[in-house]
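A.B. asks: 3D, please:
(one chain, ligands or ions: 1)
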Amino acid sequence: MDLKTFCRDLPKIELHAHLNGSLSRSTMLHLKRFYADSGLEDNTNAFFDEFQIGAGDCRNLSDCFQVFSIAHALTSTPEALAMATTLTLQEFHSDGCCYIELRSTPRNTQYMTKEQYVDTIVHCMQKSSIHLSMLSRLIISINRSYPVSEAEAIADLAIESYKKYPDVVVGMELSGEPTVGKFQDFVPALTRARNAGLKITLHCGEVCNPEEILEMIKFKPGRIGHGTCIHPKLGGTDDTWSALCTSKIPVEVCLTSNVNTKSTPDYESHHFKYLYEAGIPMIICTDDKGVFTTSLSQEYRICAETFSLNQVKVARLALEACQYIFAEDVQKTLKNKVQDFINKYCLSQ
Ligand SMILES: CNc1ncnc2c1ncn2[C@@H]1O[C@H](COP(=O)(O)O)[C@@H](O)[C@H]1O
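C.D. replies: Sure, this is the predicted structure:
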């Protein structure tokens with residue numbers, strides 16, 4: 001089997017995908033049509049064509065945050081949000097994803113409350129599990145550039161939602177513009193959520209900030225996102241790197257996102273190789289597949305090609321990812337699914 005087909009057919013696990021960053025061009029066009037048909041105001045036309053960040057784009061990480069507002073403008077009603085969620089889940093499924101932890105930041109809009117926002121996504125996930133052979137779970141996001149009081153309100157909502165939908169809501173995460181806000185301010189909200197049973201993942205080391213990285217590792221999250229500037233050669237220090245190596249916290253690796261936002265100069269110098277060599281658990285993820293025009297199978301293929309991994313090694317990445325999902329009750333089922341694929345297609349290698 002050629003690598004492209006192999007990476008598409010391999011049952012994969014997605015653990016770091018922001019809903020509003022994952023809307024494909026096709027989904028955005030559906031949403032624009034829906035807004036037009038419903039007579040809702042759509043002021044995204046001027047920005048829409050600039051939406052996707054392609055290779056060679058000169059935007060950096062900060063610029064990239066502006067593009068999320070375009071997606072937000074098209075997911076402001078429960079119907080549009082439901083459409084965005086359903087289409088995005090279908091796309092991940094078509095790409096060979098068998099389990100996804102989709103994450104999103106609840107927002108009050110003119111048309112819905114934060115509670116309705118969460119309910120809408122959860123209902124789409126419940127419905128999709130009937131039609132798709134993919135399990136989906138929700139991680140509720142806190143945006144670090146919002147006031148701490150907002151984070152506290154989201155923690156309350158996350159705890160309530162976890163009680164209401166224990167089979168769907170699995171975690172809470174901290175994301176948003178990494179140069180804004182202080183991690184320590186969000187520790188009380190994150191701790192409350194964790195004490196209530198939610199798993200935690202943190203965007204960590206997306207920019208150079210060794211002090212914060214150490215604080216985050218000390219917090220012992222279930223996983224971290226990116227981990228770009230932890231190795232001493234990439235903006236980290238000996239202390240940050242040794243803290244990660246000792247804690248062995250699984251890292252959600254987003255290759256194309258890091259290259260496109262210039263957090264990493266190119267694929268070859270991506271920290272994947274340091275993590276891989278050090279035996280730090282990793283999960284290949286997309287981050288914002290709409291913004292960066294990528295897919296989960298493409299991320300696996302890029303990883304295999306860049307770091308010369310054969311198909312067995314690529315499949316092992318998917319198998320190991322099963323250990324780091326937040327829904328522990330389905331780990332075994334997923335492992336068996338990936339193992340069956342390996343037995344069928346990799347035994348001769
Ligand atoms: C590129 N790297 C990144 N670093 C940090 N936060 C990011 C991100 N990519 C996305 N987000 C976070 O996800 C939100 C969009 O999805 P939701 O509205 O929550 O579904 C963004 O507003 C940002 O807070």
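A.B. asks: ok now do Glu152, which residues does it touch?
C.D. replies: Pro188, Ala189 (Cβ atoms under 8 Å, 6 or more residues apart in numbering). C-betas here are computed from N, CA, C, even on glycine.
A.B. asks: could you redo the last one with a cut-off of 10 Å?
C.D. replies: Shown in contact with Glu152 (Cβ atoms under 10 Å, 6 or more residues apart in numbering): Ile142, Phe186, Pro188, Ala189, Arg192.
A.B. asks: From those residues, which land in strands?
C.D. replies: Ile142 (DSSP state E).
A.B. asks: Of the contacts of Glu152, which is the nearest to Val170?
C.D. replies: Checking the contacts of Glu152 against Val170 by Cβ to Cβ gives Ile142 as the nearest, at 15.1 Å.
A.B. asks: is it true that the closest one touches Gly176?
C.D. replies: Yes. Between Ile142 and Gly176 there is a contact at 7.7 Å, judged by Cβ atoms under 10 Å.
A.B. asks: Identify the contacts common to the two.
C.D. replies: With Cβ under 10 Å, 6+ apart, Ile142 and Gly176 have common neighbours Thr105, Ala151.
A.B. asks: Next, the buried residues of stretch 211-222.
C.D. replies: Residues of stretch 211-222 classed as buried: Glu212, Ile213, Leu214, Glu215, Met216, Ile217, Phe219, Pro221, Gly222 (neighbour count, 16 or more other Cβ atoms under 10 Å).
A.B. asks: Not counting its own residues, what contacts the helix or strand bottoming out on mean pLDDT in the chain?
C.D. replies: Least confident element among the helices and strands of the chain, by mean pLDDT, DSSP states H and E: helix 45-48 (a mean of 77). Applying Cβ under 10 Å, 6+ apart, the set of residues contacting helix 45-48 from outside is Arg25, Met28, Leu29, Lys32, Asp42, Gln66, Val67, Ser69, Ile70, Ala73, Leu74.
A.B. asks: List the contacts of the fourth one.
C.D. replies: Going back to what we said before, that points to Lys32. Neighbour list for Lys32: Asp42, Thr44, Asn45, Phe48, Leu74, Ala80 [criterion: Cβ under 10 Å, 6+ apart].
A.B. asks: re the thing from before, most neighbours out of the contacts of helix 45-48, which is it?
C.D. replies: With neighbours taken as other Cβ atoms under 10 Å, the top of those is Leu74, carrying 25 neighbours.
A.B. asks: Not counting its own residues, what contacts the helix or strand in which Ile213 is found?
C.D. replies: For Ile213, the host element (DSSP states H and E) is helix 210-219. Residues outside helix 210-219 that contact it (Cβ under 10 Å, 6+ apart): 174, 178, 182-184, 186-187, 190-191, 194, 200, 202-207, 209, 224, 227, 229-230, 232, 235-244, 246-247, 249.
A.B. asks: Between which two of the contacts of Lys32 is the distance greatest?
C.D. replies: Applying Cβ to Cβ across these, the maximum distance is between Asn45 and Ala80, 16.1 Å.
A.B. asks: quick revisit: tell me the one among the buried residues of stretch 211-222 nearest to Glu160.
C.D. replies: Among those, and counting by Cβ to Cβ, the member closest to Glu160 is Gly222, at 20.4 Å.
A.B. asks: give me the beta-bridge partners of the closest residue to that closest one other than its chain neighbours?
C.D. replies: Of all residues not flanking Gly222 in the chain, Lys199 sits nearest, at 4.4 Å (Cβ to Cβ, 6 or more residues apart in numbering). In this entry, Lys199 is beta-bridged to Gly171, by DSSP bridges.
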